[in-house]
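**Student:** just need the structure, nothing else, for what follows:
(chains A and B)
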Amino acid sequence: MAGASIWKRLLWKEFREGWQVVLFTVVAPAVLFSVAGRIPSYLRDYSILWGIITVILKFSGAAGVHLMIALWAAAKGGSRRSGNQVAGHLPVSPTAEWSVSVLLPVLALGILGLWFGLFASRVVPGIYTPGKMILAGALDLAATYAICYFIALIVSTWAAVLFGLFRMVGGTLLSVLTLRPMLEPDAVRFVAGITLGGVVAAFLFFALSQKRSLGFRQGFSLLVMIIFAFGPALFGVDIESMIPDKFEYKIWGGSVMSPDGLLTVEWVLAKTAPEKVSFKALNRLTNMTRTRSFESETCLLGASDRRTVYLAQQRPAESSVRVLRWDVQTGDMKAVSVLNARPGVILQQGSRLSPNSRYTVLILRSVVGNGLDVWVVDLQTGGNGVVIPCAPLRQLRGNDWVGNKVILAWQEDRYGEYNLLTTDVVIDAEAMKVTGTSESLIPFAFGGKR
Amino acid sequence: MTVLHRTLPREASGMADSRHYAIETKALTKRFGKHVAVDNLTLRVPTGSVFAFLGRNGAGKTTTIRILLDLLNRTSGEASILGLDCVKDSLEIKRRIGYVAEGQKMYDWMKVDEIIWFCKGFYSDWDDAFAAELKHKLELPGSRKIGEMSRGMQAKLALLLAMAYRPELLILDEPTAGLDVVVRRDFLEGVIELIQEQGRTVFFSSHIVHEVERVADWVGIIDKGKLIWCSPMEELKSSIKRLVLNFDEPPASFSAIPNVLTVESSGRQSEITVKDFSPQAVAAAKSLGPTDIRVEDLGLEDIFVALVGKSEE
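**Tutor:** Residues are numbered from 1 along each chain as shown, chains lettered A, B, ... in the order given. Just a heads-up that it's a prediction; the model follows:
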């Protein structure tokens, strides 16, 4: 009964002291990040004024929340260190005090961090699956509290405030300790260490208080904190691997729609392993979705109707490319054509189906030097052929079809000049061969050197 | 200077019986680097006494109290409160004692009634009626925020919080520091009244010596971390006296008088403060040939100055 009474009061005090931080952490990201996220990317990227506004909104949301948490933790840790608060004289066990003052806020901020991360992901362009970023937000807020509380506990309130400020604006030199982990999912492993280290080290400091000298408690808990924070990096322990794949940070790759507009297909890439790609098809008529993931390089060619999607896949260490037909209604996947490409070429994104969905263009780039092979594939017969071999180009950003003429646009040659490339395609259905009959390079001034 | 523990209920070689002593330390030492804040302190506070722990600023009073409350770790020695070890049993000790610190910080955002409710939960012996009585007696406004109250009011509130569960021992560390004269007197009178009603042990530190004279029945004096005196108040007063001597020709030295603490000479008159006053001291003074000799009682402040001054030498 007495125990319940103590817990009730401790929790009441924590709530009364921290509700402003909680409120700010709930409201600030929701408002500031949402507003920033609604500013179109072209405005953010090309308008200085809108760019500054976006940065201010993002920084206010991220730094403001962290600052509130840092100040809160520093004040609490500092007052516990001085032992000058009423609570220092009350008969409370160190474990109960630690649970309420350290563990509970860390867990609460972890939960709030999910919310924070969710909104933060809206202002980072290209995030498709924000799972890992949300997780990073949770760890990040919890880490700010844990580390600032711990520093205030063993050093001073001001040291914790300074560290909190450094964590927010200190930036790049010690990225592990800054906001960068918020935006860099690869750093999640370090933040997890800091969070865990702060919580464990604070517990040791509290628990040891009954038996050891202040210097010993400070030194020992600091050592434990350092081991947790930097140990994984030093000893190559990958905490991140414990994070389930479903939280993997993914980038939206793009989408296509079938000519009848009934099927949309989008693809996403894993941030840390771009060769891993997932395709998600949505039949807008039936609202049916189907997802397919690949471990190796796979490109979306297009959707021909409400149930048929074409993909091109090149397996690791193979030069041949398979063109796949995916029936999203049944889930069947079949190879319709295999391109016997020359060795040393890799599949490049940016292919499209012809308007009648009969043909597709595939672009294969030489891994050594410049040179693109442009292939055309007959999706009905499986016939394929190189229509432009070894074009002296470094890259090619998409193609379009006008009748049988393929316009391969926005090409950059070895001299850094941009050109439009066109070719007429002749299909020899009998021989199941596709050849290009002519090609021309049209100088294009916009964006190029000329 | 030899530390005197006088009129103790019982002497023992080790830590003595907790029934007799509310607080007991043995060779307690605290070092901060090279600085020795508390030096080999052996102190016994009899149960039921009102013990004034006196010393100048920085003498080691607060450090001693913080060690007793396990707010600070000792370098060496032993310390117990109510027979319990100050480190191992600190939680139990906190349940059974009341503590008011100098300028004690409380949660500024709480209202008086809120902090009373908050602290109540930690003590099974909390007496609601007594708390209400104290609140009324100390004129504390229940709906006022602590941060909006004067320091005097805050000190009174701290006293309420330390007493409402009727602790066996009340430790007051410079409770009146920073308060004006009227509030200090008010506070101390409140303490006296409550103590008289309670009949519990009170251990309080102060450097405002004259104010504790009316309150305390035991005195311990600490200087530079060392305990230089510990006895009942009356024994202290009867032990230290001032001899006022008039001479036609003042002598060159007063070394014939035993246990001299201080000597102040002005013209033909000399004032000699002696410790362990006895008829032999008067006889020794007479042997110096004064024309007139007078023995004066001293106030606690004069005694304190004499003892601390001697310690300084």
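
**Student:** does B:R66 touch B:A79 like I think?
**Tutor:** No: using CB atoms under 8 Å, B:R66 is not in contact with B:A79, being 10.9 Å away. Just so you know, the C-beta spots here come from the backbone N, C-alpha and C atoms, and that holds for glycine as well.

**Student:** name the residues contacting each of the two.
**Tutor:** Counting by CB atoms under 8 Å, 6 or more residues apart in numbering or on different chains, B:R66 and B:A79 have no contacts in common.

**Student:** quick one: strands adjacent to the helix or strand hosting A:R322?
**Tutor:** Assigned by DSSP states H and E, A:R322 belongs to strand A:321-327. Partners of strand A:321-327 in the sheet, by DSSP bridges, are strand A:308-313 (antiparallel), strand A:333-339 (antiparallel).

**Student:** got a list of contacts for that strand?
**Tutor:** Applying CB under 8 Å, 6+ apart, the contact partners of strand A:321-327 are A:279, A:281, A:292, A:301, A:307-314, A:332-339, A:341, A:347, A:360, A:362, A:364, A:375, A:377, A:379, A:382, A:384.

**Student:** and those residues, which are buried?
**Tutor:** Buried subset of these (neighbour count, 16 or more other CB atoms under 10 Å in any protein chain shown): A:279, A:281, A:292, A:301, A:307-314, A:336-337, A:339, A:341, A:347, A:360, A:362, A:364, A:375, A:377, A:379, A:384.

**Student:** got the phi and psi for B:E78?
**Tutor:** Here is the backbone geometry of B:E78 (degrees, to the nearest 10): phi -130, psi 150.

**Student:** likewise for B:V36?
**Tutor:** Phi and psi for B:V36, reported as degrees, to the nearest 10, are phi -100, psi 110.

**Student:** in contact with the residue nearest to A:F33 when sequence neighbours are not counted, which residues?
**Tutor:** Excluding the flanking residues, the one nearest A:F33 by CB to CB, 6 or more residues apart in numbering or on different chains is A:F119, at 3.8 Å. Residues in contact with A:F119 (CB under 8 Å, 6+ apart) are A:P29, A:A30, A:F33, A:S34, A:G37, A:G61.

**Student:** what sits closest to A:W12 if chain neighbours are left out?
**Tutor:** B:F118 (7.4 Å).

**Student:** give me the distance between that neighbour and B:M110.
**Tutor:** 7 Å (CB to CB, to the nearest Å).

**Student:** how about B:H136?
**Tutor:** Distance of B:H136 to B:M110, given as CB to CB: 19 Å.

**Student:** neighbour-wise, which of those two wins?
**Tutor:** Each of B:H136 and B:M110 has its neighbours counted (other CB atoms under 10 Å in any protein chain shown); B:M110 has more, 20 against 9.

**Student:** now the strand holding A:R322: buried residues?
**Tutor:** For strand A:321-327, by 16+ other CB under 10 Å, it's A:V321, A:R322, A:V323, A:L324, A:R325, A:W326.

**Student:** likewise stretch A:64-81?
**Tutor:** Across stretch A:64-81, burial judged by 16+ other CB under 10 Å covers A:64-81.

**Student:** please dump the strands paired with strand A:321-327 into CSV; it should also carry mean pLDDT for every row.
**Tutor:** Shown next, in CSV, are the strands paired with strand A:321-327 (pLDDT from 0 to 100):
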stretch, mean pLDDT
strand A:308-313, 92
strand A:333-339, 91
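
**Student:** A:W7 touches A:A96, doesn't it?
**Tutor:** Yes: the pair A:W7 / A:A96 is scored as a contact, 7.1 Å apart, by CB under 8 Å.

**Student:** which stretches of the stretch 151-300 of chain A form helices?
**Tutor:** A:157-165, A:180-183, A:188-208, A:214-235 (DSSP state H, counting those that start in this stretch).

**Student:** ok but B:Y107 is inside a helix, no?
**Tutor:** No: with DSSP: H, G, I helix; E, B strand; the rest coil as the criterion, B:Y107 is coil rather than part of a helix.

**Student:** touching, it and B:I116? I think so.
**Tutor:** No: contact criterion CB under 8 Å: B:Y107 and B:I116 do not qualify, at 11.9 Å.

**Student:** these two - which one has more neighbours?
**Tutor:** Applying other CB under 10 Å to B:Y107 and B:I116 shows that B:I116 carries more neighbours, namely 22 against 19.

**Student:** quick one, helices of the stretch 51-200 of chain B?
**Tutor:** In the stretch 51-200 of chain B, the helices defined using DSSP H, counting those that start in this stretch lie at B:61-68, B:90-96, B:112-120, B:128-137, B:151-163, B:181-198.
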